[in-house]
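Asker: Build the 3D model from these lines:
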Amino acid sequence: MEVSIIIPVYNRATVVPATLQSVVAQTHRPLQVILVDNYSTDDTLRVLENFKKEHPGEGFNVIVTREEHHTAGAARNHGFELATGEWVMFFDSDDLMDERLVESYVKVIERAERKGRPLDLISARSTLVFPDGGERQAPFHKRDLFANHLLHGQLATQRYAVRRGFFSSTDGWNIDLPGWNDWELGLRLLLAKPHVAYMGGKSRITINHNGADSITGTEFHSRQGQWEHVIDIMKGELRSSLLKPALRQRFERLLEYRRMVLAAQYQREGFPELAKPLCQQAYSALRDSYRNNRRWRWLVGPVTRRLFARIAAGKRGSARIARLLY
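Answerer: Next up, the predicted model:
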């Protein structure tokens with residue numbers, strides 16, 4: 001089974017070699033590796049072309065291409081157009097994969113097919129690395145995937161494999177979103193009702209949140225407005241979906257909770273002038289969804305305010321409360 005790995009790259013000449021080495025070390029073959037340079041201004045393109053020359057082996061097909069539209073989403077869509085593997089993985093240029101990652105995906109796929117239950121998507125465990133060198137396991141849940149993706153980004157770029165035919169039936173990556181594009185895409189993938197499996201065992205993906213070398217970044221205020229725009233887009237997608245009304249309302253509430261989390265991040269970063277109106281917007285939307293009833297006044301509203309204070313103070317664990325509360 002051929003698997004295609006698509007990696008967009010922009011100005012990562014000193015970082016991407018480690019990612020590429022983790023790809024070439026994969027125990028599974030055949031692999032198609034599609035490297036999409038987003039018109040870098042450093043030596044990235046040369047690094048990618050040298051990698052292609054150094055690895056001409058059978059069963060390891062490297063394609064180097066370029067995408068002028070300057071967003072990772074556009075680069076990923078361009079890479080997907082060239083994909084020939086039955087299954088596709090998207091990956092970032094500063095992250096690492098365990099040598100048995102692709103092999104593990106294939107085993108899950110083949111096991112499901114033997115049972116007559118073909119899959120569309122597989123969610124996998126991952127490890128987050130932070131600026132202080134600390135590590136922790138990213139939240140991973142085998143139930144309530146909609147909620148856990150909205151809360152934790154369980155279908156972040158690196159954390160799943162998807163059947164190429166299923167992915168092609170969606171609209172692909174939103175090329176106009178510079179941030180949280182994988183979070184938005186994950187929601188649309190779930191709304192398309194995939195047959196999902198979960199890869200157990202240890203984490204085989206390392207996601208870099210390590211300061212300046214991280215694509216994700218470490219702060220939010222500098223791109224204020226972009227994050228809010230993504231939340232609004234996702235809320236619109238939920239409202240136009242065919243989900244049952246009760247589920248749709250619950251997931252909309254979780255999006256407003258995420259809006260409140262963003263406000264708390266602004267507060268933590270020292271920008272209360274950004275935090276206050278955004279928090280009020282989320283609080284008002286939640287209150288209206290409960291029609292200001294007794295449950296809201298006596299339970300949900302007070303707990304919501306405490307959750308904001310908790311997140312702004314840097315405490316963890318609020319998402320677990322939110323999943324039950326809303």
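Asker: Tell me where this protein is predicted with low confidence.
Answerer: 210-218 (pLDDT under 70).
Asker: Export the longest helix along it to CSV, keeping only CA atoms.
Answerer: Identified as the longest helix of the chain according to DSSP state H is helix 245-268. The C-alpha trace of helix 245-268 is given here as CSV (Å, rounded to 0.1, in the frame of the first residue of the first chain):
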residue,chain,number,x,y,z
PRO,A,245,-30.1,20.4,16.5
ALA,A,246,-29.1,19.3,20.0
LEU,A,247,-25.6,18.2,18.8
ARG,A,248,-25.2,21.4,16.7
GLN,A,249,-26.1,23.6,19.7
ARG,A,250,-23.6,21.7,21.9
PHE,A,251,-20.8,22.1,19.5
GLU,A,252,-21.6,25.8,18.9
ARG,A,253,-21.3,26.2,22.7
LEU,A,254,-17.9,24.6,22.7
LEU,A,255,-16.8,27.0,20.0
GLU,A,256,-17.9,29.9,22.2
TYR,A,257,-15.9,28.3,25.0
ARG,A,258,-12.9,28.3,22.7
ARG,A,259,-13.5,32.0,22.0
MET,A,260,-13.4,32.6,25.7
VAL,A,261,-10.2,30.6,26.0
LEU,A,262,-8.7,32.9,23.3
ALA,A,263,-9.8,35.9,25.4
ALA,A,264,-8.1,34.3,28.4
GLN,A,265,-4.9,33.9,26.4
TYR,A,266,-5.0,37.6,25.5
GLN,A,267,-5.4,38.4,29.2
ARG,A,268,-2.4,36.2,30.1
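Asker: which of the residues in the next helix or strand along the chain from that helix are buried?
Answerer: Remark: after helix 245-268, the chain's next helix or strand is helix 272-289, criterion DSSP states H and E. For helix 272-289, the neighbour count (16 or more other Cβ atoms under 10 Å) marks Leu274, Ala275, Leu278, Cys279, Ala282, Tyr283, Ala285, Leu286, Arg287, Ser289 as buried. From N, CA and C alone the C-beta is placed, and that goes for glycine too.
Asker: Same check on stretch 306-313?
Answerer: By neighbour count on 16+ other Cβ under 10 Å, the buried set for stretch 306-313 is Leu307, Phe308, Arg310, Ile311, Ala312.
Asker: any idea which helix or strand carries the first one?
Answerer: Going back to what we said before, that points to Leu307. Assigned by DSSP H and E, Leu307 falls in helix 301-312.
Asker: Need the contact partners of that helix.
Answerer: 257, 260-261, 263-265, 267-268, 275, 279, 283, 286-287, 290, 318, 321-322, 325 (Cβ atoms under 8 Å, 6 or more residues apart in numbering).
Asker: and if we set it to 7 Å?
Answerer: Applying Cβ atoms under 7 Å, 6 or more residues apart in numbering, the external contacts of helix 301-312 come out as 260-261, 263-264, 267-268, 279, 283, 286-287, 318, 321-322, 325.
Asker: swap in stretch 264-283?
Answerer: 219-221, 224, 228, 256, 259-260, 262-263, 304, 308, 311-312, 314.
Asker: And the furthest pair within these?
Answerer: Glu219 and Thr304 (24.1 Å; Cβ to Cβ).
Asker: more crowded one of the two?
Answerer: A count of neighbours by other Cβ atoms under 10 Å puts Thr304 above the other of Glu219 and Thr304, at 23 against 11.
Asker: and the closest residue in space to Asn181 that isn't next to it in sequence, what element?
Answerer: Closest residue in space to Asn181, ignoring its immediate chain neighbours: Gly73 at 4.7 Å, by Cβ to Cβ, 6 or more residues apart in numbering. Here Gly73 sits within helix 72-82, counting by DSSP H and E.
Asker: which SS class is the closest residue to Tyr160 other than its chain neighbours?
Answerer: Nearest residue to Tyr160, sequence neighbours excluded (Cβ to Cβ, 6+ apart): Ser123, at 5.2 Å. Put simply, Ser123 is strand when judged by DSSP: H, G, I helix; E, B strand; the rest coil.
Asker: how close does Ser123 get to Asn148?
Answerer: 9 Å (Cβ to Cβ, to the nearest Å).
Asker: any common contacting residues for these two?
Answerer: Gln154.
Asker: circling back: may I see the ChimeraX selection of the buried members of the contacts of helix 301-312?
Answerer: Typed into ChimeraX, the line below selects the buried ones among those, using 16+ other Cβ under 10 Å:
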select :260,261,263,264,267,268,279,283,286,287,318,322,325
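Asker: Can you convert the contacts of helix 301-312 into TSV and add a column each for distance to Lys142?
Answerer: Below are these laid out as TSV (distance: Cβ to Cβ, whole Å):
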residue	distance to Lys142
Met260	27
Val261	23
Ala263	30
Ala264	28
Gln267	33
Arg268	31
Cys279	32
Tyr283	32
Leu286	28
Arg287	33
Ser318	21
Ile321	20
Ala322	19
Leu325	21
